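>>> what's the 3D shape of this:
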Amino acid sequence: MDTDRTETSGWDCPSCGRRVPGRIRACRCGFEQSSATSSTVAGSAKVAASGLPLLGIGLVLGAALALYPWKPQPAAATDAPARSRPEPTTAAAHVRELPDIEPIESPKPPVPEPVRDPEPIVTPPEKPPLEELVSRVVPAVAFVQAGQNRGTGFFIARDKLLTNAHVVGGQSSVRLQLGDAAYQARVVNVSAGSDLAVLQVYNAPPGQAVLSLGSATGVRVGEEVIAVGSALGVLSNTVTRGIISAVRKAGPVTLIQTDAAINPGNSGGPLVNRAGQVIGINSLRAGQQAEGVAFAVAIDHATQLLNGERVTDTQTPLGSLTQMLDGRSEGDQQRQRGEQEYARTMEVIARAATELDSFWTRYAPNCVIAAVNAGDHPWFAVYSPGGVRLGQSNTIDCSAWIDAVKMRAEAIRVEMDKAAETARQRGVFPGATRDLRRRYRLQWSGWDR
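Reported below is the predicted structural model:
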C-alpha cells in the first residue's frame with residue numbers, strides 16, 4: 001500500500017528543485033534520495049492523499065451555499081443596540097433554515113374608565129301647606145289704581161312690580177295700596193302684545209316681601225294653583241284656588257288656562273303654584289257665559305320683558321283669544337265689525353229720517369198735490385225726478401219748504417252712500433245691508449243702484 005502511494009506521489013529535489021516522481025529515487029542532477037527522506041516524502045504523500053476527499057466535500061458545500069435562496073430575517077425590535085452573532089461554523093448551520101417565530105406581545109394593562117361626576121339629584125320644590133303658602137304670597141300683592149282702571153300687581157323686587165298693560169292703560173304713573181300704606185309708582189316698561197307692564201315704586205318699603213318667578217314650561221295639567229288679586233276692584237287680597245286646565249297659544253303668547261276664579265280687579269295678580277313660584281299673570285276670563293274658564297299670561301313673557309324683549313304682535317292676548325274661541329278668520333271678524341258699524345250708522349240716520357217725517361207731515365198737506373210712493377218714508381219721493389207735484393198755499397211758501405226738504409234729504413242720502421261704501425270695503429254682504437235698512441225703516445229702491 002505504501003508502494004502505491006509512493007509511486008503516485010512525488011518529491012522535490014533539494015539540489016536542483018525539480019519535481020521527481022515518487023517511484024524514482026535519483027534526480028537527473030545526480031542527487032539520490034536517501035531512505036529517511038523517502039520515508040518523509042511518503043508520509044507527506046499520505047497526508048496529501050487523505051485530504052483530497054475533504055477538499056472535494058468542502059467545494060460541493062460551498063457551491064450549495066452560494067446557490068441557496070436565503071431570506072433575510074427581520075431584526076428583533078428592541079431599544080438595546082444590536083449584538084453581532086457568530087457565523088455558523090458547520091455546513092448544517094447554513095443548510096437548515098429556522099422557521100419564523102412571531103414575537104410574543106406582553107399583555108397591555110387595562111385602561112381605567114374615566115371617573116364621572118354623579119348625576120345631580122333634582123329635588124322638587126318644597127310644597128308648604130296651603131295656609132302657609134297664602135301667608136307668603138299675600139304680603140307681596142298690591143292693589144293698583146291707574147286713572148279709572150283698577151287691578152292688581154305683585155312685587156318681584158323691593159321696588160319693582162309686574163301687572164297687566166290693560167290695567168295701567170295709557171297712564172305714566174299709578175297709585176299702589178299695600179295694606180294700610182299707599183305708594184306711587186311709575187310705568188317703566190309696557191308690552192301690549194303680551195299685556196304686561198313693569199312698575200317702579202317710589203320710596204319702596206324696606207323689607208318688602210317679593211315673589212320668585214318660575215316658568216310655564218314645566219307646568220302640568222291638573223296641577224294645583226292659587227290666584228291672588230283685588231276682586232271687583234275693591235276686595236283686596238282675595239285668594240281663589242283651582243287647577244291648571246290647559247296651556248294654550250293665543251298668537252305668539254302662551255296662556256295658562258285655569259278654573260281658579262279670576263274676576264274684574266284680579267287682572268295683573270299672580271298665579272302661583274304650590275311651590276310658591278309665579279307661573280302666570282292673571283289677565284282675563286272667557287266672557288260672562290263661561291264658568292271656570294280664566295287665563296293667565298305665562299310668566300316667561302314677563303322674563304322676556306325684563307330682559308328687554310317684547311312680543312311684537314299688535315293684537316293683544318284678549319283679541320287673539322276671542323278669535324280662537326270664535327273660530328273665525330280675520331276676514332270674518334272684519335266683516336262682522338263692518339256690519340256692526342253699518343248698523344250704528346243706520347240707527348243715527350233713522351233718527352234724522354224720523355225728524356224729517358215730522359217736517360214733511362206738517363206742511364205736505366198744504367203744498368203737495370201728488371208724490372210717488374218710493375219707500376219707507378214719504379219724502380223719499382224727492383229722490384225721484386218729478387216725484388213731487390207742488391200746489392199753491394196761502395199760508396206757506398211751498399217752494400221754500402220743498403227746497404228745505406230736499407236739502408235735508410240729500411244730507412241723509414250722502415251718509416247712506418258713505419255707509420254703503422264702507423260696508424262694501426269691509427266685505428259686508430249686500431243682503432246684510434238690506435236687512436239692516438229694513439230693520440231701521442230706511443228701505444228705498446234707489447240705494448241698490
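
>>> Quickly find the element holding residue 243.
Per DSSP states H and E: residue 243 is located in strand 235-250.

>>> now residue 186
strand 181-191.

>>> What is the strand holding residue 243 packed up against?
helix 130-137, strand 224-231, strand 253-258, strand 294-298, helix 317-326 (3 or more Cβ pairs under 8 Å, 6 or more residues apart in numbering; DSSP states H and E). From N, CA and C alone the C-beta is placed, and that goes for glycine too.

>>> Give the rounded mean pLDDT of the helix or strand just after the last one.
Translated: helix 317-326. As assigned by DSSP H and E, the chain's next helix or strand after helix 317-326 is helix 330-367. Mean pLDDT, computed over helix 330-367, is 86.

>>> Now the element after helix 330-367, going C-ward?
Downstream of helix 330-367 (by DSSP H and E), the next one is strand 368-371.

>>> Any chance you could list what contacts the helix or strand just after that next one?
Downstream of strand 368-371, the first helix or strand assigned by DSSP H and E is strand 388-390. Applying Cβ atoms under 8 Å, 6 or more residues apart in numbering, the contact partners of strand 388-390 are 367-372, 381-382, 398-399, 402.

>>> closest to residue 227 among these?
residue 382 (62.4 Å; Cβ to Cβ).

>>> That closest one - how many residues pack around it?
Neighbour count for residue 382, taken as other Cβ atoms under 10 Å: 22.

>>> Model confidence score at it, please.
88.

>>> Surely it touches residue 402?
Yes. If you go by Cβ atoms under 8 Å, residue 382 and residue 402 touch, sitting 7.3 Å apart.

>>> Which residue is the nearest non-sequential neighbour of residue 187?
residue 168 (5.2 Å; Cβ to Cβ, 6 or more residues apart in numbering).

>>> Spit out the contact partners of that neighbour.
144, 146, 149, 174, 187, 190, 197, 199.

>>> please redo it, this time with the cut-off set to 10 Å
144, 146-147, 149, 151, 153, 174, 185-187, 190, 197-199, 268 (Cβ atoms under 10 Å, 6 or more residues apart in numbering).

>>> how long is stretch 252-261 end to end?
25 Å (Cα to Cα, to the nearest Å).

>>> Of all the residues in it, which ones are buried?
Residues of stretch 252-261 classed as buried under the neighbour-count rule (16 or more other Cβ atoms under 10 Å) are 253-261.

>>> Next, the contact list for residue 420, please.
Neighbours of residue 420 in contact, by Cβ under 10 Å, 6+ apart: 342, 345, 428, 430, 433, 437, 447-448.

>>> before we move on, back to that, check the helices and strands packed on strand 235-250 for me and report the most buried one.
With neighbours defined as mean count of other Cβ atoms under 10 Å, the helices and strands packed on strand 235-250 peak in mean count at strand 294-298, which reaches a mean of 27.

>>> and after that strand, which helix or strand comes next?
Heading C-terminal from strand 294-298 (DSSP H and E), you reach helix 299-306.

>>> outside of that next one, which residues touch it?
With Cβ under 10 Å, 6+ apart, helix 299-306 has contacts from 156-157, 160, 162-163, 165, 189-191, 193-198, 211, 213-217, 219, 252-256, 270-272, 277-281, 298, 309-311, 317.

>>> buried stuff in it?
So helix 299-306, judged by 16+ other Cβ under 10 Å, has buried residues 299-302, 304-306.

>>> could the residues you listed go into JSON lines alongside pLDDT and distance to residue 241?
As requested, the buried residues of helix 299-306 are exported to JSON lines (pLDDT from 0 to 100; distance: Cβ to Cβ, whole Å):
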{"residue": "299", "pLDDT": "91", "distance to residue 241": "19"}
{"residue": "300", "pLDDT": "90", "distance to residue 241": "23"}
{"residue": "301", "pLDDT": "89", "distance to residue 241": "24"}
{"residue": "302", "pLDDT": "88", "distance to residue 241": "22"}
{"residue": "304", "pLDDT": "85", "distance to residue 241": "28"}
{"residue": "305", "pLDDT": "86", "distance to residue 241": "27"}
{"residue": "306", "pLDDT": "87", "distance to residue 241": "28"}
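
>>> Among the residues you listed, find me the one that's closest to residue 360.
residue 301 (60.3 Å).

>>> The closest one and residue 151: what is the separation?
17 Å (Cβ to Cβ, to the nearest Å).

>>> likewise residue 177?
Residue 177 is 11 Å from residue 151, by Cβ to Cβ.
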